[in-house]
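Colleague: Here you go, sequence then predicted model.
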Amino acid sequence: MILVNKIPDMIGFTKVKMMKVKKYNWHMKRHYFFLALLSLLLGCSKKEIPSPSNGAPVFYFDGHIDGESTTLQAGVNGLYMYSDYYRDDQNLMSLKSYLAPQNCDTCEPYLSFELKDVDVSSGNTMVASLDQLLGTNALHSFSMDSVVHSTVVETFQFIPHTSLGTFHWDFGDGTTSSLPIPAHVFTGGGMRNVSLIHEYQGQTDTLSNWIDVTTESICRPQFEMTPDTITYMVSVYVSSIAAFPSYIWSFGDGTTGTGPTNTHLYQGNGIYPITLTGSGGSCGTAKAFTKKVAFGMGPSTFLANYSYSTSVSTLTAVMPRINASACIITYRKNGVEYKSYKNIKGVNQSSNVVFTLNGFTPYLPNEKGYKTAKISGSLDTYLYNQQNVNDSIRMVSNQVVMAVAYP
């Protein structure tokens with residue numbers, strides 16, 4: 001009896017529970033529908049940067065391409081004005097602006113402008129300010145020709161006074177050699193401390209000299225000497241042409257002499273450093289060079305003396321042109337990419353004006369937070385098929401307004 005009486009209550013409870021479940025499911029469906037609608041609206045909210053206040057397009061190209069009237073407008077027909085900057089393979093900061101579909105930044109219609117910095121730079125910076133870059137009014141063509149660079153190179157050949165034994169040369173610029181008579185090219189000018197450690201039959205001697213390695217310098221005092229081991233007399237004379245009006249000799253025993261030639265009589269046995277110092281004239285600070293002389297030390301006395309000679313040559317190198325202050329226009333039509341330069345080497349295209357600026361103003365940051373500028377200008381140029389330079393199209397604008405991002 002108890003079980004029978006409770007059946008109606010259980011049925012009523014089940015009905016209420018089912019109604020609550022249906023009501024809960026309806027609320028969940030309405031919640032999911034709202035989220036999907038919100039997501040769709042947010043996905044369609046992307047417009048050109050910044051959004052126009054009066055509904056008119058801010059950035060656009062209006063003119064003729066390949067004889068056809070062409071208008072490309074950001075915010076119209078799904079197009080978007082992208083702006084960015086990057087460093088190209090020549091280390092030129094490049095400011096890029098391009099019109100492309102909002103949902104595919106590489107699809108057609110595609111029209112881009114790349115503005116190159118005035119010179120190469122290091123780091124994520126520009127050499128020129130935006131005012132300097134755009135102040136020239138006209139931006140020229142990218143060029144694939146090469147430029148010949150000529151460099152005068154001076155080669156030093158270091159010569160020890162004997163070829164016996166082993167050698168360790170230190171050129172004072174982080175490089176060394178173990179050759180008896182090494183040849184060396186210094187990079188940059190200035191003074192380098194060239195030292196020789198010479199070993200022979202258990203003896204080791206060292207000699208160091210500061211040498212002006214500036215290319216074709218005339219401020220290098222060198223000398224030759226003739227010792228007489230019987231009379232202890234040494235004769236010395238300047239052996240290199242230099243611009244010094246004054247020479248001072250230090251004979252290593254507390255005595256000195258002057259002039260381009262001199263003689264000196266030593267009073268006792270020993271090894272004496274002889275130093276020639278040139279000063280005055282166009283060389284500025286004094287320059288010195290040292291060798292050693294030995295008296296009464298026996299025939300096996302070993303010294304690390306050295307001298308050097310130089311030769312000058314001209315090296316030429318063919319380098320790609322640095323395309324500073326260039327503008328590259330890229331347009332894609334029916335799967336073919338056209339650019340504002342011919343894809344052939346050996347032709348100097350840098351004199352061709354590609355884009356003429358009419359004005360620019362600072363603008364709002366783009367979606368990446370980069371600074372942007374609104375640039376307006378005009379163009380009348382040819383674009384070339386990158387696979388076939390004989391296929392070209394003409395691009396003439398009534399007006400171009402673009403946004404460029406810059407660091």
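Modeller: Good, I have the coordinates.
Colleague: Please, where are all the helices along the stretch 1-150 of the chain?
Modeller: Secondary structure of the stretch 1-150 of the chain (DSSP state H, counting those that start in this stretch): helices located at 2-43, 130-134.
Colleague: In terms of secondary structure, what does the shortest one contact?
Modeller: I take that to be helix 130-134. Judged by 3 or more CB pairs under 8 Å, 6 or more residues apart in numbering; DSSP states H and E, helix 130-134 is in contact with strand 353-363. For the C-beta atoms, the positions are set from N, CA and C on the backbone; glycine is no exception.
Colleague: can you list contacts of the strand it packs on?
Modeller: 50, 113, 130, 134, 137-141, 326-329, 340, 371-379, 381, 400, 403 (CB atoms under 8 Å, 6 or more residues apart in numbering).
Colleague: and the helix or strand following it, which strands flank it?
Modeller: Using DSSP states H and E, the helix or strand that follows strand 353-363 towards the C-terminus is strand 371-378. Here strand 371-378 is paired, per DSSP bridges, with strand 353-363 (antiparallel), strand 392-406 (antiparallel).
Colleague: right, and the ones you listed - which one's nearest residue 79?
Modeller: Across those, residue 79 has its closest neighbour in strand 392-406 (12.3 Å, CB to CB).
Colleague: avg pLDDT for the host helix or strand of residue 159?
Modeller: Counting by DSSP H and E, the element that carries residue 159 is strand 146-160. For strand 146-160, the mean pLDDT works out to 93.
Colleague: With just CA atoms, put it into CSV.
Modeller: Backbone C-alpha positions of strand 146-160 (Å, rounded to 0.1, in the frame of the first residue of the first chain) are rendered in CSV as follows:
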residue,chain,number,x,y,z
SER,A,146,77.4,46.1,-58.8
VAL,A,147,79.8,48.7,-57.6
VAL,A,148,83.6,48.3,-57.8
HIS,A,149,85.4,49.2,-54.5
SER,A,150,89.2,49.8,-54.7
THR,A,151,91.3,49.5,-51.5
VAL,A,152,95.0,50.4,-51.1
VAL,A,153,96.7,47.6,-49.2
GLU,A,154,100.1,47.8,-47.6
THR,A,155,101.9,44.6,-46.9
PHE,A,156,104.6,44.4,-44.2
GLN,A,157,107.4,41.9,-44.5
PHE,A,158,109.3,41.3,-41.3
ILE,A,159,112.9,40.2,-41.7
PRO,A,160,115.0,38.8,-38.8
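Colleague: who's in contact with it?
Modeller: Against strand 146-160 from outside (CB under 8 Å, 6+ apart): 167, 169, 180-186, 194, 196, 198, 211, 213, 215-216, 304-322, 345-346.
Colleague: so of those, which ones are in strands?
Modeller: When the contacts of strand 146-160 are checked against strands (DSSP state E), the matches are 167, 169, 183-185, 194, 196, 198, 211, 306-320.
Colleague: if we can go back for a sec, list buried residues within the contacts of strand 146-160.
Modeller: Buried members of these, scored by 16 or more other CB atoms under 10 Å, are 167, 169, 180, 182, 184, 186, 194, 196, 198, 211, 213, 304-308, 321-322.
Colleague: Centre of the chain to stretch 381-396, how far?
Modeller: Distance, stretch centre to chain centre, for stretch 381-396: 31 Å (CA atoms, centre = their mean, to the nearest Å).
Colleague: Thanks a lot, catch you later.
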